[in-house]
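S.K.: Attaching a predicted model along with its sequence, questions to come.
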Amino acid sequence: MNQRIKKYLLVTLALLLLIPAQSFAINGYSDVVEETRSIFSLPAEGVKGQVSVGVKGNTYSNGTKNGDFSNGATDWFSVNGTTSANNNILTSIGSGGSATVQVYTTTNINSVSNKRVFIKALLKATNDSSINIRGRITGESGGTTVTAFEQLTPVNNQVYLLSGIITVGSDWVGNVRVFLQHAYSDSATASGKSMEIQEVLTVDMGTSSNDELYDLNIDELNDRFPYWFNGTKSTLPLSINGVGKNLIDTLQLERGTINEPGDKPNGVTNRVGMHVNLQIGKSYIISGLNDFKVYFRTDLTDNGWHGEGYVYTANSVLTAVIFRKSDNSEFDVSELKGLNIQLEEGASATTYEVYKESISYITLPEGEELRSLPNGVKDEVSGGKLYKRTGKHVLQSGDITSLQTSATNYDTVAIVQGNFSPSVVAIDSSNSPGIFRIPGFRNASISITDDDSLVWTYAYDTDFSGALRLLIPKGTYVDLAAAQADLAGTTLTYQLAQPKEQTLITTPLIGYPNGTIIIEPVVKSAAMYKDGITIEDSSLPIKHIESVNKIQKGIKTPVNFTKIDEYSFTIEGAVNGEIYEYVYKYPSELTTIPTISYSVPTTLQGQVNGNVKITEINTQTIQEIQNRIDLLRQQLGNVINIP
């Protein structure tokens, strides 16, 4: 019964507080632009107004096993040294056997000639004797070794975010193997010297321009993968933040310094701090400091204290900004909040503008995600609707029906399709490539020949009457049981024969002149208080609670809260049965950066046209919500008195 009451209250809350964000074509708006970055600037010609926005999901895989060292040093091995892991950091220490000390791991990415691979890692030499730190890539069982990235004469204890793109050689054998090295002038110098490693990411970019990532450059890949993640991930709930020219909201400043980006300020009385999101490689100028100093801190650098007019070049998206008095004395936070502090893109300060922000929340049904396929098909949120174009199936051992070894150049594993084939899009010669995503396997082939170039592909019949077939290297599995044991649990994603639509309640997004769009992993929800609040989706744990508001008669009132653990929190003075809205960030490694398609008003007439269009759409949406409430009334009957 309580669940029914809760549904009624929360739907009513949605009616009172939320208006759908829409993607629409309208006169006076810019052309539609697509971005796959966590932060980007709006067009310079834009004026303040409603942004037409759509969100497309992306599915990517990290081929590195234990790339965050959460499982210690498992799957990592040392050459001319020893390794140990603690607090998600792998430490490599030279033994003196060679001037070059190495650690290596074998990825889940198979070596196919001309395949491109993106690799990224955080490396730190903890000494001042290192000649270089670098990443070198080759085949598991042989092949020419190539350098992906290198930092010459690294600074002692300086963390470097290094990345590169390599092309698999025709002589590579086995899966892609990654070597991370630190080198010295001689073996004696190398003895006892160490390097620390964090967050190793390897991404299969495909074998041709038909693959989504294949032609991207290093900057585009770093934008697309700003955060480390494990395994295969898709796009989860998020917020789209539209911020004005000024990126500093002094009202969010909290007492204390920030020792590590992502941490809350620690409460010391001569510092205040907050976090901002910045675009890597861009310059930002700070003004309005008076007699205060500013400090920018990231995972990569601590750049010292600076005064009025300092120009900072961002090297990380998440950046801690810390303030103190010039004389390092204690001060009241209100003193700083009263200043016209401005952080803006560029190297010249402009006229002060108060901080402006608009947030659109993309809230998906529990357990849902926005996925993508190799053929470019993506799930999407647009126009207040969720368009599901993909489905998924987790392979069971019973789905894997045979192992065929008769071919000369590969073995074949057959997967029966009865459990999911009715949902899969019809297959023909025009749409066959890429309608499946199977980790480790390339786009499908319809015509099968006994050709070793087809290893690590999948294939099927044009009428979909036969089994889905995985073409693997000879001898990979000794028998069917081995194949079943290894492949069971693999998630197979496919294109739906009939896309599904579902109305979502989302929030509008306002864009500002010279503004910025920021994408963050955020959940917004509401719940009835019962000795505390436990989040609805335990797969998205709380990293940081942004806000909690009491909802009463359509009015939101901020309240004080205490985080209990990753899944729950309590509220000061709360009474059981009250309704609270909460917003929290979850760990970024659980999701991927979506593709955002957007258009902004470029003229005042476009601004007006956009408002008219939104009014029309909102009227339709309110009617949709009213229909939901009417249906819920019918389901509840006379259980409670609903006005």
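M.R.: Everything's here; your move.

S.K.: shouldn't Gly143 be in contact with Trp172?
M.R.: Yes. In this structure Gly143 lies within contact range of Trp172 using CB atoms under 8 Å: 3.4 Å. (Each C-beta comes from the backbone N, C-alpha and C, glycine too.)

S.K.: Comparing these two, which residue is more hemmed in?
M.R.: Trp172 (24 against 19; other CB atoms under 10 Å).

S.K.: Overlap of the contact sets of Gly143 and Trp172?
M.R.: With CB atoms under 8 Å, 6 or more residues apart in numbering applied, the overlap between the contact sets of Gly143 and Trp172 consists of Ser111.

S.K.: show me the contacts for Met274.
M.R.: With CB under 8 Å, 6+ apart, Met274 has these contacts: Ile248, Asp249, Gln252, Leu253, Glu254, Pro265, Ala320, Val321.

S.K.: Any idea how many residues pack against the nearest residue to Gly346 once chain neighbours are set aside?
M.R.: In this structure, Gly346 finds its nearest non-sequential neighbour in Ile285, 6.0 Å apart by CB to CB, 6 or more residues apart in numbering. Ile285 is surrounded by 18 other residues when neighbours are defined as other CB under 10 Å.

S.K.: For the helix or strand containing Ile285, list every residue counted as buried.
M.R.: Assignment of secondary structure by DSSP states H and E places Ile285 within strand 283-287. With burial defined by 16 or more other CB atoms under 10 Å, the residues of strand 283-287 counted as buried are Tyr284, Ile285, Ile286, Ser287.

S.K.: now swap in stretch 594-604 and tell me
M.R.: Of the residues in stretch 594-604, those scored as buried under the neighbour-count criterion (16+ other CB under 10 Å) are Pro594, Thr595, Ile596, Ser597, Tyr598, Ser599, Val600, Pro601, Thr602, Thr603.

S.K.: who's the closest residue to Ile89 other than its chain neighbours bridged to?
M.R.: Counting by CB to CB, 6+ apart, Glu196 is the residue found nearest to Ile89 once chain neighbours are left out, at 5.2 Å. Beta-bridge partners of Glu196, counted by DSSP bridges, are Thr91, Lys124.

S.K.: Tell me where the stretch 1-150 of the chain has strands.
M.R.: Listed in chain order, the strands found in the stretch 1-150 of the chain under DSSP state E, counting those that start in this stretch are 33-35, 39-41, 49-50, 52-56, 60-61, 77-79, 81-86, 89-94, 100-110, 116-125, 132-139, 146-152.

S.K.: Gln181 and Ile542, how far apart?
M.R.: Remark: distance between Gln181 and Ile542 (CB to CB, to the nearest Å) = 38 Å.

S.K.: So for those two, which residue has more residues nearby?
M.R.: The residue with more neighbours, out of Gln181 and Ile542, is Gln181; 22 against 19, by other CB under 10 Å.

S.K.: Export the helix or strand encompassing that one to CSV, keeping only CA atoms.
M.R.: Using DSSP H and E, Gln181 maps to strand 175-183. This file holds the C-alpha atoms of strand 175-183, laid out as CSV (Å, rounded to 0.1, in the frame of the first residue of the first chain):
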residue,chain,number,x,y,z
ASN,A,175,46.5,-10.6,-27.7
VAL,A,176,47.9,-7.1,-27.4
ARG,A,177,50.5,-6.9,-24.6
VAL,A,178,51.3,-3.6,-22.8
PHE,A,179,54.7,-2.9,-21.3
LEU,A,180,55.1,0.1,-19.0
GLN,A,181,58.8,1.0,-18.4
HIS,A,182,61.1,3.3,-16.5
ALA,A,183,64.7,3.6,-17.7
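
S.K.: beta partners of the closest residue to Gln252 other than its chain neighbours?
M.R.: Here the nearest residue to Gln252 in space, its sequence neighbours aside, is Met274; by CB to CB, 6+ apart that works out to 5.0 Å. With DSSP bridges applied, the residues forming beta bridges to Met274 are Val321.

S.K.: can you map out the strands along the stretch 451-600 of the chain?
M.R.: Counting by DSSP E, counting those that start in this stretch, the stretch 451-600 of the chain forms strands over residues 457-459, 468-472, 491-503, 510-511, 516-520, 522-528, 533-534, 544-552, 555-558, 561-563, 568-571, 579-585, 595-599, given from the N-terminal end onward.

S.K.: residue ranges with poor pLDDT in the stretch 351-500 of the chain?
M.R.: When residues are selected by pLDDT under 70, those of the stretch 351-500 of the chain lie in 418-422, 426-433, 444-453, 460-467.

S.K.: er, the stretch 101-250 of the chain actually
M.R.: In the prediction, the stretch 101-250 of the chain carries no residues with pLDDT under 70.

S.K.: follow-up on the earlier one: out of the strands of the stretch 451-600 of the chain, which is closest to Leu386?
M.R.: When these are compared by CB to CB, strand 491-503 sits nearest Leu386, at 4.5 Å.

S.K.: separation between Asp219 and Glu140?
M.R.: Between Asp219 and Glu140 the distance, using CB to CB, works out to 29 Å.

S.K.: Between the two, which is the more surrounded one?
M.R.: Residue environment comparison for Asp219 versus Glu140 gives the larger neighbour count to Glu140, 16 against 11, counting by other CB under 10 Å.

S.K.: How about the contacts made by that one?
M.R.: Residues touching Glu140, when contacts are defined by CB under 8 Å, 6+ apart, comprise Thr106, Ser111, Val173, Gly174, Asn175, Val176, Arg177.

S.K.: Looking at those, which two lie furthest apart in space?
M.R.: Every pair in these was compared (CB to CB); the two farthest apart turn out to be Thr106 and Val173, at 11.7 Å.
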